[in-house]
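# Build me a model:
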Amino acid sequence: MTRPVTRPHQWLLAVDPRIYHWDTLFVKGKEMWRHAGAKPDALRQLKQVRRGDRALCYHGKPEYALYAIAEVTRDPYPDPHDPDSKQMVIDLRALERLPRQVSLEELREDRLLRKVKFLKNPRLTISPLVGEEYSEILRLAGIVATPGIPLP
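Numbering: from 1, shown residues only. Next up is the predicted model:
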């Protein structure tokens, strides 16, 4: 039985840059992302991520800013480094650094982004975004859609 084809979703993935810096992903090109954590909400969100989804990469303290865009290249699977296999991971491929980093303060001030779960609780490591929120964040970063060409 095959899975129904669905439209790719967008996510915000947050990390502490002192533990993992998104530049690591750009150096390697593709990497297993192990930073969702073991909290039930994070695991529930991570299980919804699918290959082909886009992710906005966020750095927590001290930067507090969106940094880059990545693509999910593999559906969630058990963390091979977790002996209990309770944590899940995804594989990411680096797409591009944002032309301009978007600060947490800017995100909070934008009226179109009021419902983003991450802005209500910036301790989340993974947060879903709807298409309008994703497009607005890209606009804030300096990426504007061109007719006929989809946003990254």
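# okay, CA-based contacts and neighbour counts for the rest of this
Noted.
# In the protein, where is pLDDT below threshold?
Residues of the chain meeting the criterion pLDDT under 70: 1-7, 145-152.
# What are the buried residues along the lengthiest helix in it?
Counting by DSSP state H, the longest helix found in the chain is helix 131-141. The neighbour-count check on helix 131-141 (16 or more other CA atoms under 10 Å) flags 133-138, 140-141 as buried.
# Can you redo those residues as JSON lines, where the extra columns are distance to Lys28?
Putting the buried residues of helix 131-141 into JSON lines (distance: CA to CA, whole Å) gives the following:
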{"residue": "Glu133", "distance to Lys28": "28"}
{"residue": "Tyr134", "distance to Lys28": "25"}
{"residue": "Ser135", "distance to Lys28": "27"}
{"residue": "Glu136", "distance to Lys28": "28"}
{"residue": "Ile137", "distance to Lys28": "25"}
{"residue": "Leu138", "distance to Lys28": "24"}
{"residue": "Leu140", "distance to Lys28": "27"}
{"residue": "Ala141", "distance to Lys28": "24"}
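# Closest one of the residues you listed to Lys115?
Glu133 (8.8 Å; CA to CA).
# dump the residue contacts of that closest one.
Contacts for Glu133 (CA atoms under 8 Å, 6 or more residues apart in numbering) come out as 112-113, 116.
# again, only using 10 Å
Glu133 makes contacts with 10, 110, 112-116, 139, as judged by CA atoms under 10 Å, 6 or more residues apart in numbering.
# Just the ones of those residues in helices?
For the contacts of Glu133, the ones inside helices are Arg139, with DSSP H as the criterion.
# Neighbour-wise, give me the winner out of the contacts of Glu133.
Taking other CA atoms under 10 Å as the neighbour criterion, Gln10 ranks highest of these with 23 neighbours.
# In this structure that residue contacts Leu129, no?
Yes: using CA atoms under 10 Å, Gln10 is in contact with Leu129, at 5.3 Å.
# for the chain, what's the longest strand?
strand 88-103 (DSSP state E).
# biggest separation within the buried residues of helix 131-141, which pair?
Glu133 and Ala141, at 12.4 Å, using CA to CA across the buried residues of helix 131-141.
# who touches both of the two?
Residues touching both Glu133 and Ala141 (CA under 10 Å, 6+ apart): there are none.
# So which of the contacts of Glu133 are in strands?
Gln10.
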